[in-house]
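[1] Structure for the following, please:
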Amino acid sequence: MTLTAQLAVLAGVAPAAEDGRERARQALERGDALERFRDFVAAQGGDPRVVDDLSLLPAAPISRDVAAPVDGWLAAVDAEVVGQVAAMLGAGRQRIKDPVDPAVAVELTVKIGDRVSAGDVIGRVVARNEEAAAVASGRLLGALRWSGDNPQAFVAFIIAVVVAITVHEFSHAAVATLQGDRTPRSQGRLTLNPIAHLDPLGSIALVLAGFGWGKPVQFSPSQLRSQRAGAAMVGLAGPVSNFVLALLSALVLRLLLFRGSTGEFTLILLQTLVNLNVVLGVFNLVPIPPLDGSRLLSIVLPQRRQGIVYFLDQYGIFLLLALLIFAPGLLTPFFDTVIRFVYRLVGFDF
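    Numbers count the residues shown, from 1 in each chain. Coordinates of the predicted model:
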């Protein structure tokens, strides 16, 4: 009403805001606004009868309530993630030529500051199939932050961090060993024991700041059987292992949903494993030292361009920090694209 009153003044149809408010109130009481909305719907090719009969609107067959995971107050909503969930279901476009499905929906019935109890319905997902509804519900819960936060989500994230970093670093050590280098074995890195691979500071940074690192696996390029491609193979082993782990987690999720026996924590954990491993895999492919993708440069670049490698060896860490500080969302579209691709590979239809 306040906005309408001010617009009426700016348009010259009301001398003051109070007059504009009164005109707006009278229009609402007469039903003028609803009639104008019917005109809007008709002008865009829609059926104006839906204004009076919502049952005429299309509706997808699956409607899934989303329940609050904890007692507490809603502290924050990641609107970008909510939008991504809606687009994933088909309510928005991933690409400009994609069709929009008017029958699917994401609905939040709480707002920031609302008090809820565990189990309260806080929203709804309307989807074409059970699998899409389940994944969308999990991602929607991940977009919400509570005072006290969701302990299950936090525990799931810690487990996913430990698994992802351990498998990543072990894969470096395993490929280096297969290439003939004894250094990883002699340093105790050829193991799936997380203690051997987790860097305390890097793990804390990953949990608190969203980026971190494990203990780098040391290897001797001169001992590798392939002098040209050996280092790149060792470097790529980490990201490849993360992609494989993401794919396996998505496959397990798909099988459990097919059986219809998936607990909330299992759902959150598997989705976290998919998301985190894709993020680690894609991020580590960035060709900037000390990331794994930099190992490819010495192979891809011709001899006359090897100076680029030496430059990045010296200043790559500063470029990487600048990327994380000044463009933290630069890689988000790549993360989302790969995550959707992984889910589609195992049969999710979105």
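
[2] Every contact and neighbour count from this point should use C-alpha atoms.
    Noted.

[3] Which secondary structure element of this structure has the lowest mean pLDDT?
    Among the helical and strand segments of the chain, the one scoring lowest on mean pLDDT, DSSP states H and E is helix 297-300, with a mean of 67.

[4] how many neighbours does the closest residue in space to residue 136 that isn't next to it in sequence have?
    Sequence neighbours aside, residue 85 is the residue nearest to residue 136 in space, at 5.8 Å (criterion: Cα to Cα, 6 or more residues apart in numbering). Neighbourhood size, residue 85 [other Cα atoms under 10 Å]: 25.

[5] For residue 85, grab phi and psi.
    Dihedral angles of residue 85 (phi, psi; degrees, to the nearest 10) stand at phi -60, psi -40.

[6] could you measure it against residue 269, distance?
    18 Å (Cα to Cα, to the nearest Å).

[7] Below-threshold pLDDT in the stretch 151-300 of the chain: ranges please.
    151, 209-211, 260-262, 298-300 (pLDDT under 70).

[8] one more time with 90, if that's ok
    For the stretch 151-300 of the chain, the stretches with pLDDT under 90 are 151-158, 198-232, 234-235, 254-268, 284-300.

[9] and if you look at the stretch 1-150 of the chain?
    Where the stretch 1-150 of the chain drops to pLDDT under 90, the residues are 1-9, 11-37, 41, 45-48, 50-59, 69-76, 92-98, 111-118, 142, 145-150.

[10] can you give me the helices in it?
    Per DSSP state H, counting those that start in this stretch, the stretch 1-150 of the chain carries helices over the ranges 2-11, 17-30, 32-43, 79-89, 130-142.

[11] closest one to residue 66 among these?
    helix 130-142 (6.2 Å; Cα to Cα).

[12] what sits up against the closest one?
    Outside of helix 130-142, the residues within contact range by Cα atoms under 8 Å, 6 or more residues apart in numbering are 62-64, 66, 81-82, 85, 88-89, 124-127, 153, 254, 257-258, 267-268, 271, 348-350.

[13] Same question for stretch 228-235.
    171-173, 175-176, 179, 221, 224, 292-293, 295-296, 299.

[14] Which members of the residues you listed are classed as buried?
    The neighbour-count test (16 or more other Cα atoms under 10 Å) marks 171, 172, 173, 175, 176, 179, 221, 224, 292, 293, 295, 296 as buried among these.

[15] Could you point out which of these is nearest to residue 53?
    residue 293 (56.4 Å).

[16] Next up, the contacts around that closest one.
    Applying Cα under 8 Å, 6+ apart, the residues contacting residue 293 are 235, 236, 284, 285, 286, 287.

[17] PyMOL command to pick out the buried ones of those residues?
    A single PyMOL command is used to select the members of those judged buried by 16+ other Cα under 10 Å:
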select buried, resi 235+236+284+285+286+287
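
[18] Tell me the one among the contacts of residue 293 nearest to residue 323.
    Using Cα to Cα, the contacts of residue 293 come closest to residue 323 at residue 286, 10.8 Å.

[19] so that closest one makes contact with residue 297?
    No: Residue 286 is beyond contact range of residue 297, at 10.5 Å (criterion: Cα atoms under 8 Å).

[20] on that earlier part again, let me have the helices of the stretch 1-150 of the chain in a markdown table, extended by distance to residue 185.
    A markdown table is the format used below for the helices of the stretch 1-150 of the chain (distance: least, Cα to Cα, whole Å):
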| stretch | distance to residue 185 |
| --- | --- |
| helix 2-11 | 69 |
| helix 17-30 | 77 |
| helix 32-43 | 69 |
| helix 79-89 | 42 |
| helix 130-142 | 39 |
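
[21] just those helices: most buried one?
    Comparing those by mean neighbour count (mean count of other Cα atoms under 10 Å), helix 130-142 ranks first with a mean of 21.

[22] still on that earlier bit, and the residue nearest to residue 136, how far from residue 137?
    Residue 85 sits 9 Å away from residue 137, taking Cα to Cα as the criterion.

[23] What of residue 30?
    With Cα to Cα as the criterion, residue 30 and residue 137 are 40 Å apart.

[24] what do you get for residue 317?
    38 Å.

[25] And for residue 170?
    Taken as Cα to Cα, the span from residue 170 to residue 137 is 33 Å.

[26] which one is residue 63 nearest to, not counting chain neighbours?
    Nearest one to residue 63, counting by Cα to Cα, 6+ apart, is residue 126 at 4.4 Å.

[27] what is that neighbour paired to in the beta sheet?
    Per DSSP bridges, the residues bridged to residue 126 are residue 63, residue 105.

[28] so residue 179 makes contact with residue 224?
    Yes: Residue 179 is within contact range of residue 224, at 5.1 Å (criterion: Cα under 8 Å).

[29] Pull out the buried members of the contacts of helix 130-142.
    By neighbour count, with 16+ other Cα under 10 Å, the contacts of helix 130-142 hold 63-64, 66, 81-82, 85, 88-89, 124-127, 153, 254, 257, 267-268, 271, 348, 350 as buried.
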